[in-house]
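Peer 1: Let me see the structure of the following:
(chains A and B)
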Protein chains: 2
Amino acid sequence: MSRVADQEIISDLVIPGTSKIVLLILDGLGGAPMYPGGLTELEAAHTPNLDALAAEGICGLHDPIAPGITPGSGPSHLALFGYDPLQHQIGRGVLEALGIGFDLQASDMAARGNFCTVDDNGLITDRRAGRIPTEKGLELVKRLRTISVPDVEVFVEPVKDYRFVLVLRGEGLSGPLTETDPQKLGAAPLSVEALSPEAVRTAALFNEWISRAREILADLQPANMVTLRGLDKNPGLPSMEEIYGLRAAAIAGYPMYRGVSRLIGMDVLPTGETIEEEMGTLKAHWTDYDFFFFHVKKIDSAGEDGNFEQKVALIEEADQFLVPAILQLEPDVFIVTGDHSTPALLRAHSWHPVPFLLHSRYCRADVVKEFSEQRCANGALGRFPAMNIMSLAMANALRLTKFGA
Amino acid sequence: MSRVADQEIISDLVIPGTSKIVLLILDGLGGAPMYPGGLTELEAAHTPNLDALAAEGICGLHDPIAPGITPGSGPSHLALFGYDPLQHQIGRGVLEALGIGFDLQASDMAARGNFCTVDDNGLITDRRAGRIPTEKGLELVKRLRTISVPDVEVFVEPVKDYRFVLVLRGEGLSGPLTETDPQKLGAAPLSVEALSPEAVRTAALFNEWISRAREILADLQPANMVTLRGLDKNPGLPSMEEIYGLRAAAIAGYPMYRGVSRLIGMDVLPTGETIEEEMGTLKAHWTDYDFFFFHVKKIDSAGEDGNFEQKVALIEEADQFLVPAILQLEPDVFIVTGDHSTPALLRAHSWHPVPFLLHSRYCRADVVKEFSEQRCANGALGRFPAMNIMSLAMANALRLTKFGA
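Peer 2: Residues are numbered from 1 along each chain as shown, chains lettered A, B, ... in the order given. Model prediction:
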C-alpha cells in the first residue's frame, strides 16, 4: 500500500453517518529488543485483549513520516490525522500556545520559552535552569509580563516547570525566524535572526524583548536567562470537521497533544493525566462526537527513560483496563497504534515503523492473531504511511462514497 | 512502505557520527525460476552466510524505479544512493566519460560513441562493428582525434571494445539532443537533432564532427562509421557528503559504476575487477571513509548470458568469501542487495523487485531467516522504493536526528 489520497480528494467523498471512530494512540508504542534475538516491549507484554482485537481486525506497520525518519510528536500526530507533516512544518511555539489553551490569533507570533542558567560570561550552564518547579516558573512569568515592546501586545504564559509561551500580537508580524537555544552548554543564547526580509522587524521585536528579559532576570538564580524556540504563526490548517465531516474530540492530558488537536479544530476535552480520568472523559462525552483521539502519554516516557519493564507494564495496563472499557462503548471503528516508536534500547523516539490495528465490522480480518511488531509486519495492511490511517478509518466507518462513476 | 523523504529533508536531519555503512551491491542479484515452480538463482544458491545475516537483520524487496519498470544501471544506482532517477535522467555519455576518469567540466557536452559497420548505401549492417577489440578501437580513436570543429575543443577517448567517448568543450553548448543510433539494422545513422532552440548550434557542431568522422573511416572495415548516444551535460548533482555528511568511497571495477559514483562526489578508489582485489581495497581504506559502495559486477553478466548455473556459483562465491570478510571489519550498518534483477530466464535486466537485507544493532530483526526473493517478500521492510535505502542506512547508523519537535 503506498499512495495517499490527499485530503481534498477525501473531503469530496465524505458522506454523513452516525458511526463512531476511536483512535487510541499509545505514545511511543513501537519498540525494539534490548539484545539481538530478544523481544520488543510490546512482544514481552501480556496483552490478551489487544491480541483478541488483532485476531478480529486488520494489522500492519505504519511509517509516521517516511522510512528512516524519526518523527517529533507534532509531525507524527499531524500524519495520524491525515495532514502531510512534510508540507505542514509547524513551530513548537504554536503547538505549545494552543496546548495550554491560549487563544492564538492568525497574525500572532508564538515562541516556546525555556528558563535557563547562564554564568558571568553569559554562557549557558543549564538549559533548563535546574528544572525549576511550575510555581517558580509562574512567579518568573509574572516578572516577564512587565516587559513591553513598541507597537505590539505581549503575552507571557506559563506552561510547566521551566517552560513558558511568549506571544507577540500586532500588525505585520512575520517569520521565518531562527531559534535562540544554542542546544549545547558553554555557549551564549543566540539572537533571533530573520530568514526573510519580511521577518526583519519581527526578529528585532523578539530581540528587544529578550534583552529586557535578560535585565529583569539577571540577579536571580538559577533561572537568570531565557531561550526561545519554534517561533511561528498558526498556519491555519483546515479543520477535521471541514475535511472529514467529523465532530472530533481530543482526550489528551499533555499540552503538546492538546495543541496539535486544537490546531486542526478538534474540541479539546477537559481531562486528567491518568488513563482512568481519560476513560471517564470518553464515557462522559461518548454521545457528543463522531471521532475521538485518545492519547496515552506514559508509555513513551518509559521508553525515553530506557525503562523496558516499565514500558511493558504500562502497555499491559492499557491492555487490561483501556481496551475492554473502550470496546464496551462499541465503537464502529477502533484503531490502536502509536504515533512513533520509542524503544527503551535507544531511550528516544526512533524511525522504526509502528504496530497498527484496525477493528471494525467491515475490516476484512487478516492472519495476524497477536499484536506485535513481528506479526504486524505480516498483516494485510503491509507497511504503509501514517497518512493512510484517516482514509482507512473513514472507509471502515462507511463515511466515504466511491470515487468516480 | 511508500513515501520517500527527499534529500533536502534528510540533509537537514544529518548529525555527525563515526559509524560505518557498507552497501554491497551484487549487480543483477534478483532472478526468476527457469520453469514454473522452480527456484530462482538466489534460492538455488547455498548461502549460509547471507541467510545468517538475514536472520539477524531486516529484509524486504525494493523496486529500483517503480513497479514494472526495468532499470538501466545508471538510474538504478542513482536510486540506491537516494537520488530520484525519474527526476535526474543523466545521459550515458556523461556516465561513460566520468567512468573512464575523464575530467568532465560543467559546460562540456559528452556523448557515448559506438563504432559500427555500414554498407555502400550507408545502412547499418552491424551496430558494434563486429565487436572490434580494444586495441583496434584505440587506433581508430587516434584517427578521430584529428578532427577539429570550429570554436570548440574536441576530446575523443577510448572506453572498451567498440565504444568511445566524445566530448565537446566550449561556450554556450546545450542540450537536449537526439541520438544517432537508429537501434536497428538496415537503417542509416540519424542526424543529431536539437530538441530546444538553445541546442541548435550544439547539434550542428556534433553533426559536423560526425560527417568528418564518416570521411575518415569510410575506407576501413569493419568499423567504417560511428553512432552517438546519450548526448548530455554533467547535471551537477549535490554530493553524498553535502546531503548525508558521509565521506563516501566507491569500490567498483567497471567504468559505468565508477562514473555514477564520481557524479555524486564519491572518492572512486583504484581497484581491480575481482572480488579479492575489491576486498583488498575495502580493507586498505577502511579507516578513511564512513560509507562504502562495494560493487560486484559478474553476477549480472552471468544473468545477461542466460547462464543460471554460473549466476548461482557467483552468488555462492560472494556468500563464502565476501560476506564473512566484510563482517570481520564490523560495519555498523551492512546492506546486501542488487541494483536490479537480471534473471537468466530473460537474459536481460528485468522489472522484478530486488531482495534486500539490512543488518545493524538497531534494525529490529524480522521473521526472515533465509535471503531469497520469496522470504524477503515477507520481511518487515515490505516492498519499498530503492530511494528509501539511504534514509534507512542513515537511521540505523544513528546519523539522523528527529524531524520536528
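
Peer 1: per-residue confidence for residue A:2?
Peer 2: As predicted, residue A:2 sits at a pLDDT of 58.

Peer 1: and if you look at residue A:40?
Peer 2: At residue A:40, the model reports a pLDDT of 98.

Peer 1: Walk me through the regions of chain A where pLDDT falls short of the threshold, as ranges.
Peer 2: In the predicted model, chain A carries pLDDT under 70 at residues A:1-2.

Peer 1: Pull up the residues of the stretch 1-150 of chain A that are close to chain B.
Peer 2: Applying CB under 8 Å from any CB of the partner chain, we find that the stretch 1-150 of chain A lies next to chain B at A:1-4, A:32-33, A:36-37, A:40, A:61, A:63, A:65-76, A:85-86, A:89-90, A:92, A:95. Glycine gets a C-beta too; all of them are placed from N, C-alpha and C.

Peer 1: From the residues you listed, which land in strands?
Peer 2: Counting by DSSP state E, the part of the residues of the stretch 1-150 of chain A next to chain B found in strands is A:61, A:63.

Peer 1: and the residues of the stretch 1-150 of chain A next to chain B, which are buried?
Peer 2: Taking 16 or more other CB atoms under 10 Å in any protein chain shown as the criterion, what is buried in those is A:1-2, A:4, A:32-33, A:40, A:61, A:63, A:65-76, A:85-86, A:89-90, A:92, A:95.

Peer 1: OK, contacts around the residue in the stretch 201-350 of chain A that chain B sits nearest to?
Peer 2: Relative to chain B, the nearest point of the stretch 201-350 of chain A is residue A:349 (5.3 Å; CB to the nearest CB). For residue A:349, the contact set (CB atoms under 8 Å, 6 or more residues apart in numbering or on different chains) comprises A:28, A:70, A:71, A:72, A:73, A:340, A:341, A:342, B:402.

Peer 1: what does residue A:393 give?
Peer 2: Residues near residue A:393 by CB under 8 Å, 6+ apart: A:21, A:23, A:291, A:333, A:335, A:358.

Peer 1: ok, of the residues you listed, which one's closest to residue A:176?
Peer 2: Ranked by distance to residue A:176 (CB to CB), these are led by residue A:23 at 31.5 Å.

Peer 1: Could you tell me whether that closest one really is in a strand?
Peer 2: Yes: applying DSSP: H, G, I helix; E, B strand; the rest coil, one finds residue A:23 inside a strand.

Peer 1: mind listing the strands for the stretch 301-405 of chain A?
Peer 2: A:333-337, A:354-360, A:383-385 (DSSP state E, counting those that start in this stretch).

Peer 1: and the top helix by length along chain A, which residues are buried?
Peer 2: Longest helix of chain A, by residue count under DSSP state H: helix A:200-217. Residues of helix A:200-217 classed as buried by neighbour count (16+ other CB under 10 Å): A:202, A:203, A:205, A:206, A:207, A:208, A:209, A:210, A:212, A:213, A:217.

Peer 1: Show me what that helix packs onto, helices and strands only.
Peer 2: Other helices and strands packing on helix A:200-217, by 3 or more CB pairs under 8 Å, 6 or more residues apart in numbering or on different chains; DSSP states H and E, are strand A:109-118, helix A:134-144, strand A:163-169, strand A:225-232.

Peer 1: Just say which of those is most tucked in.
Peer 2: For the helices and strands packed on helix A:200-217, average neighbour numbers computed from mean count of other CB atoms under 10 Å in any protein chain shown are highest in strand A:109-118, which has a mean of 26.

Peer 1: and that one, which strands flank it?
Peer 2: The pairing partners recorded for strand A:109-118 under DSSP bridges are strand A:124-126 (antiparallel), strand A:163-169 (antiparallel), strand A:225-232 (antiparallel).

Peer 1: now those in TSV, with distance to residue B:9?
Peer 2: TSV is the format used below for the strands paired with strand A:109-118 (distance: least, CB to CB, whole Å):
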stretch	distance to residue B:9
strand A:124-126	29
strand A:163-169	27
strand A:225-232	18
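
Peer 1: Tell me which of those strands sits nearest to residue A:109.
Peer 2: strand A:163-169 (4.8 Å).

Peer 1: Distance from the chain centre to that closest one, please.
Peer 2: 19 Å (CA atoms, centre = their mean, to the nearest Å).

Peer 1: how does chain A divide up, domain by domain?
Peer 2: Per automatic domain parsing, the domain ranges recorded for chain A read A:7-90+A:237-396, A:95-232.

Peer 1: from those domains, which stretch is densest packed?
Peer 2: Ranked by mean neighbours (mean count of other CB under 10 Å), the domains of chain A are led by domain A:7-90+A:237-396, with a mean of 21.

Peer 1: re the thing from before, so, if you compare the buried residues of helix A:200-217, which one comes nearest to residue B:99?
Peer 2: residue A:203 (48.8 Å).

Peer 1: show me what contacts that closest one?
Peer 2: A:177, A:191, A:192, A:193, A:194.

Peer 1: what sits against the nearest residue to the first one once chain neighbours are set aside?
Peer 2: Just to be clear, that refers to residue A:177. Spatial nearest neighbour of residue A:177, chain neighbours left out: residue A:231 (4.3 Å); criterion: CB to CB, 6 or more residues apart in numbering or on different chains. By CB under 8 Å, 6+ apart, residue A:231 lies in contact with A:91, A:93, A:109, A:110, A:111, A:175, A:177, A:178, A:179, A:192, A:206.

Peer 1: Excluding chain neighbours, give the residue nearest to the first one in space.
Peer 2: Distances taken as CB to CB, 6+ apart place residue A:232 nearest to residue A:91, at 2.5 Å, with adjacent residues excluded.

Peer 1: looking at it, that neighbour is touching residue A:175, isn't it?
Peer 2: Yes: counting by CB atoms under 8 Å, residue A:232 does reach residue A:175; the two are 5.7 Å apart.

Peer 1: Overlap in contacts, these two.
Peer 2: A:91, A:109.

Peer 1: does residue A:293 belong to a helix or a strand, and which?
Peer 2: strand A:291-296 (DSSP states H and E).

Peer 1: Figure out how far that strand is from the centre of its chain.
Peer 2: With CA atoms, centre = their mean, you get 11 Å for strand A:291-296.

Peer 1: Tell me the residues of the stretch 201-350 of chain A that contact chain B?
Peer 2: Counting by CB under 8 Å from any CB, the stretch 201-350 of chain A sits next to chain B at A:229, A:230, A:343, A:345, A:346, A:348, A:349, A:350.

Peer 1: Not counting its neighbours along the chain, what's nearest the last one?
Peer 2: Pointing back at residue A:350 there. residue A:341 (4.7 Å).

Peer 1: Correct me if wrong: residue A:402 contacts residue A:13.
Peer 2: Yes: Residue A:402 lies in contact with residue A:13 (CB under 8 Å); the separation is 7.4 Å.
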